[in-house]
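**Student:** just coords:
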């Protein structure tokens, strides 16, 4: 692996500018496309856009490393549209992990390319395949899809990738986390070798290094922040709780915070239960998880964006692809399995320079997971004293069965791999000392 990094071109250092001095002018964007970008309200490029766009417009392969919420879509979207317009042939292929992210990126590509006749096709599960076939017959300039559905169309011979000249892998680390590596490799085998490849990610796992070494030509690495970096304007807090304190604490926080709230749980069963109970106590809530249809997930996300729902309850399927401005609070009702997912979950708040807050519920035996998160993010996560929960303990959600939820969670934990059970050296029920020492049984 070490030898590989010598093959990566270093990003040419640009003059150190603050954001107020950065503009899209001078990045190599064609005048008409630049006008379209400015008319859409994009006045100042983010750091990843400012550094990646010029190299991408030159046709170089790109590895872009930047934390979530930093504007990676425009960083590859503008060069992609410009290259297609310039060549007048070929097409772009964007591969990404989730349906929500596919729809979000399609919306952005259409905004900047619609006036130039750029056509797109979105290939995702949960959407009628005949609609997708019709879009492909219309010869789109850009195909956007999840790996599994792209493979389906290749097998059915409704999608031909022989003319792809620009390939984008977005949120690549998440695709590897979700087990998409075999599908991605199959797709890479059928796209032309002579192409431009842009890979964007918030972290740099080994799978990405392998793709870069095997399928990219001297890529330029554009790293805006060290892998695992979180936005500076997010305030982090922890509460150490017992399982039966989670629901009362959640209720207390929803009383204290009046803005929009995104709640993450590990399993879809818990997400559904929590959402139902929030509705039962008069809080407008929607849920997103793998048991929901595409139409239901779109309605939930749109309703959350428009303020119809104050709370969105989700599994990690929503830790990428939710671009909603002004989320006041992200609550980790359950800690994520992987520390990288903490970065992506909390990245839903504090976006576009706004302030945000992230609160995590930590069981007494999860000190190892907290340490791994702190190691990745290089942030000390302060533990707050539990507020008085007596009133909420006495007024549990009407139909929520804590013991039922706990038993399902325990089954999920027991079915995890041994590596996950001993996560960070403190799993499997071991109670660490130090900051979490007061969680020991007495």
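**Tutor:** Right, received. Where do you want to start? Everything numeric in this text was worked out from a predicted model, so none of it was measured.

**Student:** look up how far residue 390 lies from the residue nearest to residue 139 when sequence neighbours are not counted.
**Tutor:** Spatial nearest neighbour of residue 139, chain neighbours left out: residue 119 (7.3 Å); criterion: C-beta to C-beta, 6 or more residues apart in numbering. All C-beta spots, glycine's among them, are computed from the backbone N, C-alpha and C. Going from residue 119 to residue 390 by C-beta to C-beta, to the nearest Å gives 60 Å.

**Student:** and what of residue 71?
**Tutor:** Taken as C-beta to C-beta, the span from residue 71 to residue 390 is 45 Å.

**Student:** then residue 179?
**Tutor:** Taken as C-beta to C-beta, the span from residue 179 to residue 390 is 44 Å.

**Student:** same deal with residue 86?
**Tutor:** Taking C-beta to C-beta as the measure, residue 86 falls 67 Å from residue 390.

**Student:** same thing with residue 340?
**Tutor:** Separation of residue 340 from residue 390 (C-beta to C-beta) stands at 37 Å.

**Student:** the two: which is more packed in?
**Tutor:** Using other C-beta atoms under 10 Å, the more surrounded residue of residue 340 and residue 390 is residue 340, with 23 against 9.

**Student:** what is the burial count for the nearest residue to residue 387 once chain neighbours are set aside?
**Tutor:** In space, and not counting its chain neighbours, residue 387 is closest to residue 252: 5.6 Å by C-beta to C-beta, 6+ apart. Residue 252: 19 surrounding residues under other C-beta under 10 Å.

**Student:** swap in residue 126?
**Tutor:** 15.

**Student:** tell me if I'm right that it and residue 100 touch.
**Tutor:** No - the criterion here is C-beta atoms under 8 Å, and residue 126 misses it with residue 100 at 10.6 Å.

**Student:** identify the contacts common to the two.
**Tutor:** residue 297 (C-beta atoms under 8 Å, 6 or more residues apart in numbering).

**Student:** chain center to stretch 118-136: distance?
**Tutor:** Taking C-alpha atoms, centre = their mean, to the nearest Å, one finds the center of stretch 118-136 at 22 Å from the center of the full chain.

**Student:** and that stretch, how far apart are its ends?
**Tutor:** 13 Å (C-alpha to C-alpha, to the nearest Å).

**Student:** equivalent analysis for stretch 24-31, please.
**Tutor:** Start and end residues of stretch 24-31 are separated by 11 Å (C-alpha to C-alpha).

**Student:** what does that stretch rub up against?
**Tutor:** Contacts of stretch 24-31 (C-beta under 8 Å, 6+ apart): 34, 37-38, 42-45, 49-50, 53-54, 57-58, 78, 82, 85-86.

**Student:** mind showing which ranges of this structure have poor pLDDT?
**Tutor:** 1-21, 68-69, 225-232, 317-323, 350-353, 392-442 (pLDDT under 70).

**Student:** can you give me the strands for it?
**Tutor:** 9-10, 62-65, 91-95, 120-123, 142-145, 164-170, 196-201, 220-223, 234-240, 261-264, 285-288, 311-314, 329-332, 356-362 (DSSP state E).

**Student:** ok, which of those comes nearest residue 22?
**Tutor:** For the strands of the chain, proximity to residue 22 was assessed by C-beta to C-beta; strand 220-223 is nearest, at 14.4 Å.

**Student:** which elements pack onto that closest one?
**Tutor:** In terms of contacts (3 or more C-beta pairs under 8 Å, 6 or more residues apart in numbering; DSSP states H and E), strand 220-223 is packed against strand 9-10, helix 47-57, strand 62-65.

**Student:** nearest approach to residue 308 belongs to which of these?
**Tutor:** helix 47-57 (31.3 Å).

**Student:** what does that closest one contact?
**Tutor:** 11-12, 14, 17, 19, 22, 24, 27-29, 45, 62, 64, 66, 70-72, 74-76, 78-80, 82-83, 196, 198, 220, 222, 224.

**Student:** rerun that using 6 Å as the cut-off
**Tutor:** With contacts defined as C-beta atoms under 6 Å, 6 or more residues apart in numbering, helix 47-57 is touched by 22, 27-28, 62, 64, 66, 70-72, 74-75, 78-79, 220, 222, 224.

**Student:** quick one: which of these is nearest residue 162?
**Tutor:** residue 79 (21.8 Å).
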